[in-house]
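A.B. asks: sharing a sequence plus its predicted fold:
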Amino acid sequence: MARDLEVQAQEGKDPYVLFQVACAFALCSEAKDAELAGRCRDQAFRTLEKLLQAGWKDHIALKNDPDLDPIRSDPRFPKLMTDLGGTPPAEQVSLGVSKED
């Protein structure tokens, strides 16, 4: 299954599939194995970047989908939201990260 996700992340073009793949990798980033968790976290962000390149515009889904909760504390997440044109999650805004930064 992990290999299928990697293939979809690399070769997939459908934004909805890419979103689900990114969510799966985000959930995988909670693995007890630190090396696996780190690889999943990085792959989640690579997939989210590809998602934006594929034309994804739904910042509300990125902001609110609970499957992405495991990666929201990563400093790459507010940048991703800003790149999309959405507002970073409130707790990150309060840390001084906002669209205007």
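C.D. replies: Alright, I've got the coordinates.
A.B. asks: low pLDDT regions in this structure?
C.D. replies: Applying pLDDT under 70 to the chain flags the ranges 1-12, 86-101.
A.B. asks: for L84, give me its contacts.
C.D. replies: With C-beta atoms under 8 Å, 6 or more residues apart in numbering as the criterion, the residues that contact L84 are 52, 56-57, 59, 62. All C-beta spots, glycine's among them, are computed from the backbone N, C-alpha and C.
A.B. asks: leaving out the residues flanking it, which one is nearest to K57?
C.D. replies: Nearest residue to K57, sequence neighbours excluded (C-beta to C-beta, 6 or more residues apart in numbering): L84, at 7.3 Å.
A.B. asks: do you know how far that neighbour is from R76?
C.D. replies: Using C-beta to C-beta, to the nearest Å, one gets 12 Å for the distance from L84 to R76.
A.B. asks: pull the longest helix from the protein.
C.D. replies: The helix that spans the most residues within the chain, counting by DSSP state H, is helix 34-53.
A.B. asks: residues contacting C23?
C.D. replies: For C23, the contacting residues are 44, 65, 67-68, by C-beta under 8 Å, 6+ apart.
A.B. asks: for the residues you listed, give me JSON lines that also has secondary structure and neighbour count.
C.D. replies: Converted to JSON lines, the contacts of C23 look like this (DSSP: H, G, I helix; E, B strand; the rest coil; neighbours: other C-beta atoms under 10 Å):
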{"residue": "A44", "secondary structure": "helix", "neighbour count": "27"}
{"residue": "D65", "secondary structure": "coil", "neighbour count": "15"}
{"residue": "D67", "secondary structure": "helix", "neighbour count": "16"}
{"residue": "L68", "secondary structure": "helix", "neighbour count": "23"}
